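*Asks:* predicted model follows, preceded by the sequence.
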Amino acid sequence: MSIPFVTLNNGISMPQLGLGLYAPKQQNEVKQSVLDALDLGIRLIDSAAIYGNEQEVGQGIVASGVTRKDLFVTSKVWMDDMGYDSTLHAFDKTLNDLGVEYLDLYLIHWPKDTARKETWKALESLYEQKLCRSIGVSNYYKKHLEELFLHANICPAVNQFELSPFCYMPEELAFNQEHGIQVEGYAPLVRGWKKDDSVLNEIATHYGKSTYQLLVRWNIELGTVTIPKSVKRARIQENMDVFDFHISTDDMKQLSQLFDNTRVAWDPRDF
């Protein structure tokens, strides 16, 4: 089945399932994973400057032969590059490394205490220059968004944060939805740490799916965009095979009660 799209608050269409590219110890495999994902039908590529592999990502895009207009390419400005001028410089480097003329989405990677305002102003400038089709934030919770709203001229189109049943804060999801911000969840598979969870296994078995597929589908059912990471072609395919079933209301409720604050990344509440 084809991957559905969501419509962002500026009218841009974004695939609901993509490829996460956080792979700092697997850089020699990133180009091939991009090639495999694009060959299988993935069109959303989620990169970031701090991953240190954007040149490889760009090489994979070129080698795939997929036309640029059919792709949705995301990158993020890292904390060390935050600030107005430094963000613009970081953006230029990302474009050069990826070998593209524009991004579909550019995000503030983390809500670093200083320079948040200036960094957002830089993103607004890039958007107004049509160098980004949409802009947003990553790892922002309600308190960070409320601060941003005080000075932003443009509402973020996307907020990307860690999202799995074990790291599910429904009030954060609801706050974004109330403000028309599309949530994009990363680390939906919790790096495999929860693959032996009894509840996951029981529900996955009921649907004839793997626990990984159940976790991806849980994100889809919430209406979020999700970007499971893998450098294995078979696993990328497995992560895509989630559009032939639905999770029942009761099972969604059961999964959503598994919260234990298991995180693969920092907790945004600490920022």
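*Replies:* Arrived safely. Numbering: from 1, shown residues only.

*Asks:* I'd guess residue 106 is in a helix, am I close?
*Replies:* No. Counting by DSSP: H, G, I helix; E, B strand; the rest coil, residue 106 falls outside a helix, being strand.

*Asks:* start the count at 887 instead of 1 going forward.
*Replies:* Got it, first residue is 887 now, which makes that one residue 992.

*Asks:* how many residues are close by it?
*Replies:* Look at residue 992: counted by other CB atoms under 10 Å, it has 27 neighbours. For every residue, glycine as well, the C-beta is placed using N, CA and C.

*Asks:* so it sits against residue 963, correct?
*Replies:* Yes. Counting by CB atoms under 8 Å, residue 963 is a contact partner of residue 992 at 7.1 Å.

*Asks:* so where is this structure shaky, pLDDT-wise?
*Replies:* For the chain, the stretches with pLDDT under 70 are 887, 909-913.

*Asks:* which parts of the stretch 1037-1157 of the chain are helices?
*Replies:* Secondary structure of the stretch 1037-1157 of the chain (DSSP state H, counting those that start in this stretch): helices at 1056-1064, 1084-1093, 1097-1107, 1119-1126, 1135-1141.

*Asks:* right, and those - which one's nearest residue 1033?
*Replies:* Closest to residue 1033 of these is helix 1056-1064 (CB to CB; 13.1 Å).

*Asks:* run through who's touching that closest one.
*Replies:* Around helix 1056-1064, the neighbours that count as contacts under CB atoms under 8 Å, 6 or more residues apart in numbering are 1027-1028, 1031, 1045, 1047, 1049, 1068-1069, 1108-1110, 1142.

*Asks:* and the furthest pair within those residues?
*Replies:* 1031 and 1142 (21.9 Å).

*Asks:* between the two, which one's more packed in?
*Replies:* Neighbours were tallied for residue 1031 and for residue 1142 using other CB under 10 Å; the higher tally belongs to residue 1031 (20 against 14).

*Asks:* still on that earlier bit, joint contacts of residue 992 and residue 963?
*Replies:* Taking CB under 8 Å, 6+ apart as the criterion, residue 992 and residue 963 both touch 977, 1009.

*Asks:* picking that back up, columns distance to residue 1154 on top of the helices of the stretch 1037-1157 of the chain, output as TSV?
*Replies:* Output for the helices of the stretch 1037-1157 of the chain, formatted as TSV (distance: least, CB to CB, whole Å):
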stretch	distance to residue 1154
helix 1056-1064	9
helix 1084-1093	24
helix 1097-1107	18
helix 1119-1126	25
helix 1135-1141	22
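
*Asks:* looking at these, spot the one closest to residue 889.
*Replies:* Per CB to CB, nearest to residue 889 of the helices of the stretch 1037-1157 of the chain: helix 1119-1126, 7.2 Å.

*Asks:* and the closest one, what does it pack onto?
*Replies:* Packed against helix 1119-1126 by the contact rule (3 or more CB pairs under 8 Å, 6 or more residues apart in numbering; DSSP states H and E) you find helix 913-926, helix 1097-1107.

*Asks:* return the set of buried residues in it.
*Replies:* Buried residues in helix 1119-1126, defined by neighbour count with 16 or more other CB atoms under 10 Å: 1121-1126.

*Asks:* give me the residues contacting it.
*Replies:* 889, 903, 905, 919, 922-923, 926-928, 1075, 1096, 1098-1099, 1102, 1114, 1116.

*Asks:* one more pass at 7 Å, please.
*Replies:* With contacts defined as CB atoms under 7 Å, 6 or more residues apart in numbering, helix 1119-1126 is touched by 903, 905, 922-923, 926-927, 1096, 1098-1099, 1102, 1114, 1116.

*Asks:* ok, now stretch 1102-1113?
*Replies:* Outside stretch 1102-1113, the residues that touch it by CB under 7 Å, 6+ apart are 892, 900, 902-906, 930, 932, 1049, 1051, 1059, 1068-1072, 1074, 1114, 1125, 1128, 1131-1133, 1138, 1141.
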